[in-house]
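Participant: Sequence first, predicted coordinates after that:
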Amino acid sequence: MGHVEVGHLTHVLPDGRPLLDDVSFRIGEGVKAALVGPNGAGKTTLIRLISGDLQPVEGSVAHSGGLGVMRQFIGGIRDGSTVHDLLLGVAPTRVREAAARLHDAELAMMERDDEKTQMRYAQAITDYTDAGGYDAEVLWDACTVAALGLPYDKVKYRDVGTLSGGEQKRLVLEALLRGPDQTLLLDEPDNYLDVPGKLWLEQALRETPKTVLLVSHDRQLLANAADRIVTVESGNIWVHGGGFATYAEARRERNERLDELRRRWDEEHAKLRRLVNMLKQKARYNDGMAPAYHAAQTRLRRFEEAGPPELAPKDQLISMRLHGGRTGKRAIICENLELSGLMKPFDLEVWYGERVAVLGSNGSGKSHFLRLLSGEEIRHTGAARLGARVVPGHFAQTHARPELFGRTPCEIVMTEHARLRNEAMKALARYELAGRVADQRFETLSGGQQARLQILLLELSGATLLLLDEPTDNLDLASAEALQEGLDSFDGTVLAVTHDRWFAADFDRYLVFGADGRVYESPEPVWDERRVARPR
């Protein structure tokens, strides 16, 4: 069994800003703890500190049972890496090191076949066996069958770039959950998973005896799988011993308690200062008051040295003013539409003001459908057109916006929407993107900050049709709720691809892209097609 213990950890960013200040917590054996907090608060940094990728300024990290780590971005591998490389990357350290030596020995054997090289190769095989390398390959076979439906030998040399983000996540999760490490750090493991994948993950987390610390923004997954909530905010950490269902109330009560303690401290501080000033005045004219004056000074000094109680963290005040505008009655018209190789022909009409959730498994064509409606060149037959005065605005799931790289949020808003700097900063402030964040390069922002900036750009674009591809994937809890409130007041039409069950509950219609290529409507969200009767 494993555990994680963090003691008095302090971390400072390269620009000198303190991110984590003297934080301590413990995750006991077998506990499933979720790490939550605002985007940019330090959740991923904390995972990297625990894993050893970063070194703290002060403090210590301890863990037991071996440490398996899923880092936030595993889906961006486009460098020729194979499925073997991906699985090896989450294997125990001994296996990785032995595999590297075996690889070098194999290359040497290809260049020369002398006795020394043969001995080196034989020793590398022995080391790989002793490290558990071949046992790991047996485990990987079970993982590839579960995640990809094929044995390891059939896919070991397959380019990881040919796998979907969901397939990559599922493969790594299978390896970690089946592997020997008893403590797992999972940074946004549910991103890119479709809902059947999330349901599998929830069950796997409930059933595993391993200790798990995971970062997630999926409110339903948090409610179903986490039995502790570790919150990172304002540089501090606090732990809610219950599940997500009672988290919001616990946070509210905690903040009220901190506010009350701070109010009492301020009152006592003011009272002591008044006492010191009064005794100072009296001591000027009465030497007998000097001892009392010095005693009051000492008491005030000790009180101030002890310091005030922790300030309650400031709530995020995110205001998404998605305006929209009146359009023709029919916002989207599809006639006998088929995206080549992805789905069977279908018809669709979406009316002005409707909220349509697009559901279905990974790879069924949902994102391509949104890209087609946004105006991109996507191979298709049939017709897909927008109604009168419909202006589409597209939110990309992967935040793949190369035109924004190297530019700051302030520069982007100023140049793309003809805003003065003070106007741009006011708009960014509504999305909690002002201050230092406004002058950071786009690629250095957290995933949630990039998502909020994309939504702001949609707001400023004047779009009357919002095409949202997994908009809540990287948004923190407050931002996701702000987006839902913004969509409630949006005067236009919304088409959203989502695997967020909490988010989907607010929609009017559900368009399902079936695994068999059928596209059909359902009166309720369909997350697992095996459980519903499909239309003929």
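Facilitator: Everything's here; your move. Residues are numbered from 1 along each chain as shown.

Participant: So which bits of the longest helix belonging to the chain are buried?
Facilitator: Longest helix of the chain, by residue count under DSSP state H: helix 247-285. Neighbour counts over helix 247-285 (16 or more other Cβ atoms under 10 Å) mark Y247, R251, R254, L258, L272, L275, V276, L279, A283 as buried. From N, CA and C alone the C-beta is placed, and that goes for glycine too.

Participant: Determine how far that helix lies from the middle of the whole chain.
Facilitator: 38 Å (Cα atoms, centre = their mean, to the nearest Å).

Participant: Could you do stretch 325-345 as well?
Facilitator: Worked out by Cα atoms, centre = their mean, stretch 325-345 lies 31 Å from the chain centre.

Participant: Keeping just the C-alphas, turn stretch 177-189 into CSV.
Facilitator: What follows is stretch 177-189, C-alpha atoms only, in CSV (Å, rounded to 0.1, in the frame of the first residue of the first chain):
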residue,chain,number,x,y,z
LEU,A,177,-3.9,0.8,-12.6
ARG,A,178,-2.7,-2.7,-13.5
GLY,A,179,1.0,-1.9,-12.7
PRO,A,180,3.0,-2.5,-9.5
ASP,A,181,3.1,1.1,-8.2
GLN,A,182,0.8,1.5,-5.2
THR,A,183,0.6,5.3,-5.3
LEU,A,184,-0.7,7.1,-8.4
LEU,A,185,-0.6,10.7,-9.4
LEU,A,186,-3.1,11.4,-12.2
ASP,A,187,-3.2,14.9,-13.8
GLU,A,188,-6.5,15.3,-15.6
PRO,A,189,-6.9,11.6,-16.4
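
Participant: Check the model's average confidence along that stretch for me.
Facilitator: Mean pLDDT, stretch 177-189: 94.

Participant: Would you mark the buried spots in it?
Facilitator: L177, G179, D181, Q182, T183, L184, L185, L186, D187, E188, P189.

Participant: Surely Q182 and G66 touch.
Facilitator: Yes. With contact defined as Cβ atoms under 8 Å, Q182 counts as touching G66 (5.7 Å).

Participant: For these two, list the residues in contact with both.
Facilitator: G2 (Cβ atoms under 8 Å, 6 or more residues apart in numbering).

Participant: Which single one of the buried residues of helix 247-285 is nearest to L163?
Facilitator: Y247 (34.0 Å; Cβ to Cβ).

Participant: where does the protein dip in pLDDT?
Facilitator: In the predicted model, the chain carries pLDDT under 70 at residues 74-79, 398-400, 529-536.

Participant: Break it down into its domains, please.
Facilitator: Split into domains by automatic domain parsing, the chain comes to 1-66+182-261, 330-531.

Participant: I'd like the ones you listed as TSV, with distance to M289 appended.
Facilitator: Shown next, in TSV, are the domains of the chain (distance: least, Cβ to Cβ, whole Å):
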stretch	distance to M289
domain 1-66+182-261	32
domain 330-531	48
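
Participant: what residues does stretch 254-264 touch?
Facilitator: Stretch 254-264 is contacted by residues W238, P308, P309, E310, L311, A312, P313 when judged by Cβ under 8 Å, 6+ apart.

Participant: Mind putting these into CSV with distance to R206 and secondary structure?
Facilitator: Compiled in CSV, the contacts of stretch 254-264 are given as follows (distance: Cβ to Cβ, whole Å; DSSP: H, G, I helix; E, B strand; the rest coil):
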residue, distance to R206, secondary structure
W238, 24, strand
P308, 41, coil
P309, 37, coil
E310, 33, coil
L311, 36, coil
A312, 33, coil
P313, 30, coil
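
Participant: Which one of those residues sits in the busiest neighbourhood?
Facilitator: P313 (20 neighbours; other Cβ atoms under 10 Å).

Participant: Contacts only, for it.
Facilitator: Contacts of P313 (Cβ under 8 Å, 6+ apart): E233, S234, N236, N255.

Participant: and what of K210?
Facilitator: M1, G2, G30, G65, L177, D181, Q182, T183, L184.

Participant: Which ones among those residues lie within strands?
Facilitator: Of the contacts of K210, the ones assigned to strands by DSSP state E are T183, L184.

Participant: Identify, from the buried residues of stretch 177-189, the entry nearest to A223.
Facilitator: Nearest member of the buried residues of stretch 177-189 to A223, counting by Cβ to Cβ, is P189, at 15.8 Å.

Participant: Next, find the distance separating that closest one from V61.
Facilitator: Applying Cβ to Cβ, to the nearest Å, the value for P189 to V61 is 21 Å.

Participant: how deep is the closest residue to A250 other than its chain neighbours tucked in, by neighbour count?
Facilitator: Leaving aside its chain neighbours, A250 sits nearest to H240 (4.8 Å; criterion: Cβ to Cβ, 6 or more residues apart in numbering). Neighbour count for H240, taken as other Cβ under 10 Å: 21.

Participant: so H240 sits right up against I229, yeah?
Facilitator: Yes. Contact criterion Cβ under 8 Å: H240 and I229 qualify, at 4.2 Å.

Participant: overlap in contacts of these two?
Facilitator: Jointly contacting H240 and I229 under the rule Cβ under 8 Å, 6+ apart are Y247.

Participant: Run through the residues that contact S319.
Facilitator: Taking Cβ under 8 Å, 6+ apart as the test, what S319 contacts is R430, Y431, A482, G486.

Participant: Walking through the stretch 401-536 of the chain, point out its strands one by one.
Facilitator: 465-469, 493-497, 509-513, 519-522 (DSSP state E, counting those that start in this stretch).

Participant: Can you say which of these is nearest to L372?
Facilitator: That would be strand 465-469 among the strands of the stretch 401-536 of the chain, by Cβ to Cβ, at 9.6 Å.

Participant: Paired strands for the closest one, with orientation please.
Facilitator: Strand 465-469 pairs in its sheet with strand 392-395 (parallel), strand 493-497 (parallel), by DSSP bridges.

Participant: Tell me which of the ones you listed is the most buried.
Facilitator: When the strands paired with strand 465-469 are scored by mean count of other Cβ atoms under 10 Å, the highest mean neighbour count falls to strand 493-497 (a mean of 25).

Participant: Could I have the CA atoms of it written out in CSV?
Facilitator: Extracted C-alpha coordinates of strand 493-497, given in CSV (Å, rounded to 0.1, in the frame of the first residue of the first chain):
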residue,chain,number,x,y,z
THR,A,493,-27.9,29.2,-30.6
VAL,A,494,-25.4,26.8,-29.0
LEU,A,495,-24.1,23.5,-30.4
ALA,A,496,-21.7,21.8,-27.9
VAL,A,497,-19.8,18.6,-28.1
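
Participant: could you give the angle of that strand to strand 509-513?
Facilitator: 40 degrees (axes from the mean of the first three to the mean of the last three Cα atoms, to 10 degrees).

Participant: what's next to strand 493-497, contact-wise?
Facilitator: By Cβ under 8 Å, 6+ apart, strand 493-497 touches 324, 327, 331-332, 350-359, 366-367, 370, 373, 390, 397, 464-471, 487, 503, 507.
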